[in-house]
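Colleague: Structural data only, the sequence is not supplied:
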């Protein structure tokens, strides 16, 4: 459970209808198998001790007694495992028969949850045998004199770690307008287990998938869906074992209907779910006067607090769309947000000109693409886009040529203003040695360029378009009142890895061979502010050699701001995601750099220009990141030091 990871599983074992002894053996076998794999929470399908398709056999005392005996045997035979199991069975309670889920933990029965909504339509006739479950908690006495809570209004909580809290609902409960899980998560249940027996029909698997994902997203929980499959009767229906494990609407694991292997094992990130609920202020914000019934907090024991071996996928570039099938849709959506934001600002102030400092690098290229799209939305001539290239000490022929070609290819107005003499005169005025390549040497160039852009904007009654991206803002890799400043920053919430992805997409889909060639060369150009003189005509100052790989920094940025993860957890995820690419010491070095710069550069972010938010992470001081400029990073440094000590 370290770092909030809980290994969970869903299993559809081979069953025999009404053969409780056989079914118990299969469930015991699976439980022991899952325990050896480190699973802490395991879900079986609905009525898994008997089989779902017993029909009127559920009314036979022989079957009901066999199910109870199988339950006691299961509890005894799994007593030594470090696993909490949820299985299904029929159970008579106070003279009525219920379709229930039973929670078994270290040989003890912790609770019984009855199915609330019974289908009684089409091919389903559960109301013929079972009674609908009740929410209020009562007590059920088993033959061994064990008193167990009975009722749907209960959640199961670990003795020690209260964040380890789950609830149970059964099949049809999920298909209702107001599923029981909707109120159960209000009592802090982070996981919901659904024991199901959903027959397979044409198109039903897709509907079922979206239903599970939607409920998981709405309730910000992990949802374990255990479906009946092999062994059920096929008299009138067929069951396919469509199992799913979903976390906050994201499918972590899924077995295809009729697949041979229906076992799913993965890790739920409970800390991630908790973070998401904290951030969403409307999470279970009830209307005034509305009350939910009291829920029983039922205790369980999930075993030792050990480090969970990770098997789930963590993308190295979390800001970049993981599914290439949706690439075009996602890229166009992002650029639509950027361009519509800019178009609205231009329209609002009655402006028909835009001014861009075009360097021939990635960020200014994306800013130009967005501005062109905004002008198309406003039906403004592209000549109104004034591209300014300002070569100085570090400018190479490659970036200069690409800037000139881009401006011409899009039909914009190009102005070339060399700034070398102006900067040298400035050096003379302030007593700066032109051969001293320090921070003053670099920043003087950046501020001279910004001054020119601002003044040209005044000349043409235009807007200076900011080109800096979110990764640079996070690291403070911007000159204060230089490239840090603009009149509208279209890239302000686009991290460097996504900038590259968007430019690549535009290059691949533009349909213009000449433009495509230019964009590909921009993509191949090392990232650099080009403030130091070139070496043999090549870029001498490569940003990633100085501040570190942007793919690592974007990874750190995402998990720190999106979920509030600790340095230890971010480090662990980075080591896992970038295995074989960066060693632990390298990752720790750049993570330390990130944290150090992030805290010390907040003052630059506190006065950012306006710009559109395109994703779930933003550094805007007016919205997503309200952080004091003089906040201490002592706690973060202490945790980084402990990681460093462990690597020695």
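Modeller: Ah, there it is. These figures come from a predicted structure and were not determined experimentally.
Colleague: Can you list the strands that the lowest-mean-pLDDT helix or strand in the chain pairs with?
Modeller: Least confident helix or strand of the chain, by mean pLDDT, DSSP states H and E, is strand 296-300 with a mean of 72. Strand partners for strand 296-300, identified by DSSP bridges, are recorded as strand 154-158 (parallel).
Colleague: Could you give the average pLDDT over the partner strand?
Modeller: Averaging pLDDT along strand 154-158 yields 90.
Colleague: Run through the neighbouring helices and strands of the following helix or strand past that strand.
Modeller: Per DSSP states H and E, the first helix or strand lying C-terminal to strand 154-158 is strand 165-170. Here strand 165-170 touches strand 96-105, strand 108-114, strand 154-158, helix 180-184, strand 191-196, going by 3 or more CB pairs under 8 Å, 6 or more residues apart in numbering; DSSP states H and E. In short, each C-beta sits where N, CA and C put it, glycine included.
Colleague: which intervals of this structure have sub-threshold pLDDT?
Modeller: Scanning the chain with the threshold set as pLDDT under 70 gives 1, 122-124, 284-296, 303-305.
Colleague: Please convert the helices and strands packed on strand 165-170 to JSON lines, extending it with distance to residue 239 and mean neighbour count.
Modeller: Shown next, in JSON lines, are the helices and strands packed on strand 165-170 (distance: least, CB to CB, whole Å; neighbours: other CB atoms under 10 Å):
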{"stretch": "strand 96-105", "distance to residue 239": "16", "mean neighbour count": "24"}
{"stretch": "strand 108-114", "distance to residue 239": "21", "mean neighbour count": "23"}
{"stretch": "strand 154-158", "distance to residue 239": "27", "mean neighbour count": "23"}
{"stretch": "helix 180-184", "distance to residue 239": "22", "mean neighbour count": "22"}
{"stretch": "strand 191-196", "distance to residue 239": "10", "mean neighbour count": "29"}
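Colleague: what would the ones you listed look like in JSON lines with distance to residue 620?
Modeller: Compiled in JSON lines, the helices and strands packed on strand 165-170 are given as follows (distance: least, CB to CB, whole Å):
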{"stretch": "strand 96-105", "distance to residue 620": "45"}
{"stretch": "strand 108-114", "distance to residue 620": "44"}
{"stretch": "strand 154-158", "distance to residue 620": "37"}
{"stretch": "helix 180-184", "distance to residue 620": "33"}
{"stretch": "strand 191-196", "distance to residue 620": "33"}
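Colleague: Which of those sits closest to residue 635?
Modeller: strand 154-158 (26.3 Å; CB to CB).
Colleague: Would you mind listing the outside residues contacting the closest one?
Modeller: 84, 103, 110-111, 113, 137, 164-168, 184, 187-189, 295-302 (CB atoms under 8 Å, 6 or more residues apart in numbering).
Colleague: Please apply the same query to stretch 19-33.
Modeller: 11, 13-16, 42, 44, 48-51, 63, 66-67, 69-71, 73-74, 77-78, 81, 83, 85, 87, 263.
Colleague: give me that answer again for 6 Å
Modeller: With contacts defined as CB atoms under 6 Å, 6 or more residues apart in numbering, stretch 19-33 is touched by 11, 13-16, 44, 49-50, 66-67, 70, 73-74, 77-78, 85.
Colleague: and the angle for the least confident helix or strand of the chain with strand 108-114?
Modeller: 140 degrees (axes from the mean of the first three to the mean of the last three CA atoms, to 10 degrees).
Colleague: circling back to that earlier point, can you flag the buried ones in the contacts of strand 154-158?
Modeller: The neighbour-count test (16 or more other CB atoms under 10 Å) marks 84, 103, 110-111, 113, 137, 164-168, 184, 187-189, 295, 298, 300-302 as buried among the contacts of strand 154-158.
Colleague: do you know how far the residue lying closest to residue 307 once chain neighbours are set aside is from residue 566?
Modeller: Leaving aside its sequence neighbours, residue 307 sits nearest to residue 2 (CB to CB, 6 or more residues apart in numbering; 4.6 Å). Separation of residue 2 from residue 566 (CB to CB, to the nearest Å) stands at 11 Å.
Colleague: Comparing the two, which shows the higher neighbour count?
Modeller: Using other CB atoms under 10 Å, the more surrounded residue of residue 2 and residue 566 is residue 566, with 16 against 11.
Colleague: Look up the closest residue to that one, ignoring the ones flanking it.
Modeller: Leaving aside its chain neighbours, residue 566 sits nearest to residue 639 (6.1 Å; criterion: CB to CB, 6+ apart).
Colleague: With residue 162 instead?
Modeller: residue 188 (7.3 Å).
Colleague: now residue 150
Modeller: Using CB to CB, 6+ apart and skipping residues adjacent in sequence, the residue nearest residue 150 is residue 140, 4.1 Å away.
Colleague: ok, the one you found - contacts?
Modeller: Residue 140 sits in contact with 93, 112, 148, 150, where contact means CB under 6 Å, 6+ apart.
Colleague: I'd guess it is in a helix, am I close?
Modeller: No: under DSSP: H, G, I helix; E, B strand; the rest coil, residue 140 falls outside any helix and is assigned strand.
Colleague: partner residues bridging it?
Modeller: residue 148.
Colleague: Tell me how far it lies from residue 66.
Modeller: Distance from residue 140 to residue 66, by CB to CB: 18 Å.
Colleague: got it, and residue 29?
Modeller: Where residue 66 is concerned, residue 29 sits at a distance of 18 Å (CB to CB).
Colleague: Next, please give the residue ranges for the helices of the stretch 501-648 of the chain.
Modeller: 513-524, 543-547, 550-561, 567-577, 584-600, 602-605, 634-647 (DSSP state H, counting those that start in this stretch).
Colleague: From the contact counts, what lies against the third one?
Modeller: It stands for helix 550-561. If contacts are counted by 3 or more CB pairs under 6 Å, 6 or more residues apart in numbering; DSSP states H and E, helix 550-561 sits against helix 470-475, helix 496-509, helix 567-577, helix 584-600.
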